[in-house]
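Undergrad: Have a look at this prediction, sequence included:
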Amino acid sequence: MNINKLTSISILIALSIVAGYLIHFPLLPQAPFLLYDPGSVFLLIGSFKLGPKTGLLMCLITALLFALITGQGGPYGALMNFLATGTLVFVSSQIYGFYHTKKGAILSLLLGTIAMTLVMIPANLIITPLYLGVEREIVSNMIIPAIIPFNLLKGMISGVLTFLLYKKLYPLIIS
């Protein structure tokens, strides 16, 4: 890996962490503790240019650093962050690699959002009770009214932002 690529990766990770730290807000009134942040946008843009494996690595580093720097979520939060963002980024960039067009970008972001939503159902059922110390039934009752809509909205918002910013930031990323 050359120094220019490493620098691009580092900048994208830093932008993701800063965006996640400074900009976060609830999307659903029924689950105000589920916060959206635009950090995944920079990871998506990077993975579209640098590939799905690099995107997944950026997600892992971002999740670990964000948990260490902010203390938010601890190891469970880092794992949930990695599972959600990693799925979105990996699936989206994998598909975009095959269909490198505007339609391909839209399709890849849509399918990445669906994949993330599907992965986060069992992840929430398994990890959230450990993380929050609540009964699994409580989490199970939140799947349809909160967890699924949140992840769909999260993916769609990040997808739209990625689609709008990709061409502007693409030339700045050195592969």
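TA: Happy to help now that I have it.

Undergrad: From the contact counts, what lies against the one helix or strand Val91 maps to?
TA: Using DSSP states H and E, Val91 sits in helix 74-98. Packing contacts for helix 74-98, counted by 3 or more Cβ pairs under 8 Å, 6 or more residues apart in numbering; DSSP states H and E, involve helix 39-50, helix 52-70, helix 102-132, helix 148-169. C-beta here means a position set from N, CA and C on the backbone, and glycine is covered the same way.

Undergrad: and if we set it to 7 Å?
TA: Helices and strands touching helix 74-98, by 3 or more Cβ pairs under 7 Å, 6 or more residues apart in numbering; DSSP states H and E, are helix 39-50, helix 52-70, helix 102-132.

Undergrad: buried ones in it?
TA: Across helix 74-98, burial judged by 16 or more other Cβ atoms under 10 Å covers 77-96.

Undergrad: now swap in stretch 31-51 and tell me
TA: Within stretch 31-51, the residues that count as buried by 16+ other Cβ under 10 Å are 34, 36-51.

Undergrad: next one: stretch 150-157
TA: Across stretch 150-157, burial judged by 16+ other Cβ under 10 Å covers Phe150, Asn151, Leu153, Lys154, Gly155, Ile157.

Undergrad: ok, the closest residue to Lys154 other than its chain neighbours - contacts?
TA: In space, and not counting its chain neighbours, Lys154 is closest to Tyr36: 5.3 Å by Cβ to Cβ, 6 or more residues apart in numbering. Tyr36 makes contacts with His24, Phe25, Leu27, Lys154, Ile157, as judged by Cβ atoms under 7 Å, 6 or more residues apart in numbering.

Undergrad: looking at the sheet around Tyr36, what are its partners?
TA: Beta bridges link Tyr36 to Phe25 when assigned by DSSP bridges.
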